[in-house]
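A.B. asks: missing the sequence, but the structure's below:
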């Protein structure tokens, strides 16, 4: 049977590997991603494991690489596809190289930073001197001060009027000024000017708003205080000559120094860029190598040593089909290490439940995910995903049936599928996009099926297509047509007696009573497909019973269950088919005419209530002779099935247990009694079975009714789309001319609502209802879902997860944290 | 009985080919089983869906209730019956407006 029929057979293997060969073998296994290793030292602390130092080394390298990558001006190119593993010597070389690169870049960065702060200081000094010149020159009122300052400074007579100049952050200026005022009791003169062009902080790269200030004061005492305040406010003080000439000299000096520094800075920057571009080529490849290395050591940490510490022992789950690949990886490891002792692989028989592994491809993955999100299948249980590939899009389309909307959906999914390689390259965190892209094949099938069901419903944006020619004729004379606005076509005369060959007749789309017809059709349709879907689910359980060697369960559970379902609900479906075939408007027998057509639902309810109804000539109460007896028999058998479902399994188990006891007593061997899985005894067994039975019997009723959502949603969809057409698009229709502009706008509105509400929202709601129909109505009939997923050691997964978030590799596997 | 031989045969054979014949020619490989199941289920569901729609219309018990304008349009466009002798567009609309008082 196909690959997805049930999960693959898993084998628990024990590997005995020489430590020298282990690395290469693990590398190959990681590339293949076929083995799930088990932690053999769960009680050992992460820091006491064998390969902790190696893991740490890798983490350190990873950290450095990440830091270097952060320094790169643009994201590095993707890693080269390199398949060869690195030998320990190569790893050492790589480590040294990474160390060297890191320290070099750090050195360059530090130098550049120092140079930049020097540069900043010089720029500030230049602005300061420029501003100072204006302070000293401009205002006539300050001439005196400046004069006296110059005199006293020049004469080196201290203790008179001195000044301090510097630069302080603009935000602090008011507080700074106030503080200076306070400490000097108002005996200072403060002057400030904001620097117009913002400066860049060399460390953080933020913009700095700074203000140049100069403080004039009197006396040495105040000078000290002022200096302290300046220090407190983190103002940078610059010595500024007092005379104009000196200032000019200094300005010139500063100018040349700035020029020199600019040159040096440029050279540093060039050098840094050169170094970084050299690295950028390889950095991703190194990163991948280091991460793989780290993942390998994490896995090796889960291995245990044998007593003489000569070889590593590993345990892993491997799909039976991939055993040869594992064997080959081990051989390659031995070959690469050149050790004379081969690695050994052998199977361990175990009672443990293996992980569930369904091999999927890009097409089936989406469907498998739908099932897995309900619960991972138990080991080797029938996998509903296989049938979901068709039943899911089909049931969706029953609700979503519309040719137009289906075409839109198909086109969208087709674009995703056709350009999937291009889209795959764009990795994005946009969750909605990822959901749509992940389910592209589901959406594609849903779209295609919607087109088909839309054709059957004969519904395209609420309009129908008259492809094959309608079966309804106009039978009315002109006079009648003129005098009546509404006319009902009589099926006796107006119907051609051959139905429209494919789908519903287009005449119904115009009819004012089309809902009556559609409701009757769609309700029956829902029940028919629902009962078939459920019966299919129940039948799936037979496959499980056969596979798990419980043939008795077929008789104790499957047959009563399916009988119950078919005798009651499939019988209901049969009545529907009979009604479609037997009753006709043109029938010669009046009891099979229009007026005598019975309601199938009423018949069914009467059957359940065991009521018999009277004939009302010319009509007959029953559809066929002996119907009452047949129905009573069906009902009786169906209800007889309930006690079998209820007591069958517990009694059988009790019977088995008794037999075994007798056997043991008879044989009287010293053998250890077989481990009994169920020690709860008969009572507990009965209670469980009771719950199951009630669930099934009530479920059969409620689940059948639940399938009516197919009808309800499809009705809602059709009506919404009709309303949108009649209330919105029709507004734009009329004689040509001005209306064309109106139509232009109204079409946009109509198209928007068609996409947003009818395709997107209705699509989402139909999707969720379909999901429910599968999870609850279908899978409850056979699915256990108690398994756990196979999580192999695979580089692809690790690297992908790594890109999502920078969490330490393989944290789930119990590796030491970074 | 409103069944007609041709459409039933055509569609049953069509879906029969998809669901019964095509699975034999599914490409060999690990996915052969999946393709076969997909084909068979597609054919079964689509055929049954079509069948239900067909059978529901085989013996209609009610007929569509239509607007007289729609009926005239149907007769004219779909069956190429000669248009009613009306004098003109204007006239017809008036007539219809008058007649709308009738039940």
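C.D. replies: Right, received. Where do you want to start? Note that the coordinates shown come from a computational prediction; the quantities given were computed from them, not determined experimentally.
A.B. asks: show me the strands in the chain, by range?
C.D. replies: The chain I'm using is chain A. A:10-17, A:36-37, A:161-169, A:189-194, A:199-200, A:207-208, A:210-218, A:236-238, A:304-305, A:312-319, A:344-347, A:486-488 (DSSP state E).
A.B. asks: please go with chain B instead
C.D. replies: If you assign secondary structure with DSSP E, the strands in chain B sit at B:65-67.
A.B. asks: name the single longest helix found in it.
C.D. replies: Assignment by DSSP state H gives helix B:32-58 as the longest helix of chain B.
A.B. asks: who does it touch, helix- and strand-wise?
C.D. replies: helix A:385-400, helix A:440-457, helix A:514-547, helix A:571-582, helix B:5-16 (3 or more CB pairs under 8 Å, 6 or more residues apart in numbering or on different chains; DSSP states H and E). All C-beta spots, glycine's among them, are computed from the backbone N, C-alpha and C.
A.B. asks: for chain B, which residues score under the pLDDT cut-off?
C.D. replies: For chain B, residues meeting the criterion pLDDT under 70 lie at B:1-2, B:81-103.
A.B. asks: show the contacting residues for residue A:594.
C.D. replies: Taking CB atoms under 8 Å, 6 or more residues apart in numbering or on different chains as the contact definition, residue A:594 lies against A:491, A:583, A:584, A:585, B:61, B:62.
A.B. asks: how close does the fifth one get to residue B:10?
C.D. replies: Taking CB to CB, to the nearest Å as the measure, residue B:61 and residue B:10 are separated by 26 Å.
A.B. asks: quick one: which of those two has more around it?
C.D. replies: Summary of the neighbour comparison: residue B:61 and residue B:10, criterion other CB atoms under 10 Å in any protein chain shown, with residue B:61 having more neighbours (17 against 12).
A.B. asks: skipping adjacent residues, who's closest to the more buried one in space?
C.D. replies: With CB to CB, 6 or more residues apart in numbering or on different chains as the measure, residue A:594 is the residue that lies nearest to residue B:61, at 4.7 Å, once sequence neighbours are left out.
A.B. asks: now do that neighbour, the pLDDT please.
C.D. replies: The confidence metric pLDDT takes the value 81 at residue A:594.
A.B. asks: before we move on, what about the one 10 residues further on?
C.D. replies: In this model, residue A:604 is scored at 91, pLDDT.
A.B. asks: quick one: contacts for the residue lying closest to it once chain neighbours are set aside?
C.D. replies: Nearest-residue entry for residue A:604: residue A:572, 5.0 Å, with adjacent residues in sequence omitted and distances by CB to CB, 6+ apart. By CB under 8 Å, 6+ apart, residue A:572 lies in contact with A:527, A:531, A:600, A:604.
A.B. asks: just flag the most distant two among the residues you listed.
C.D. replies: In terms of CB to CB, those reach their longest pairwise distance at A:531 and A:600, which sit 13.1 Å apart.
A.B. asks: sorry, back to before: buried ones in the longest helix of chain B?
C.D. replies: Along helix B:32-58, the positions that meet the burial threshold by neighbour count (16 or more other CB atoms under 10 Å in any protein chain shown) are B:33-58.
A.B. asks: now do it against helix A:385-400, angle only.
C.D. replies: Orientation of helix B:32-58 against helix A:385-400 (axes from the mean of the first three to the mean of the last three CA atoms, to 10 degrees) gives an angle of 30 degrees.
A.B. asks: what about the nearest residue to residue A:306 once chain neighbours are set aside, distance to chain B?
C.D. replies: Excluding the flanking residues, the one nearest residue A:306 by CB to CB, 6+ apart is residue A:313, at 5.9 Å. As judged by CB to the nearest CB, to the nearest Å, residue A:313 and chain B stand 33 Å apart.
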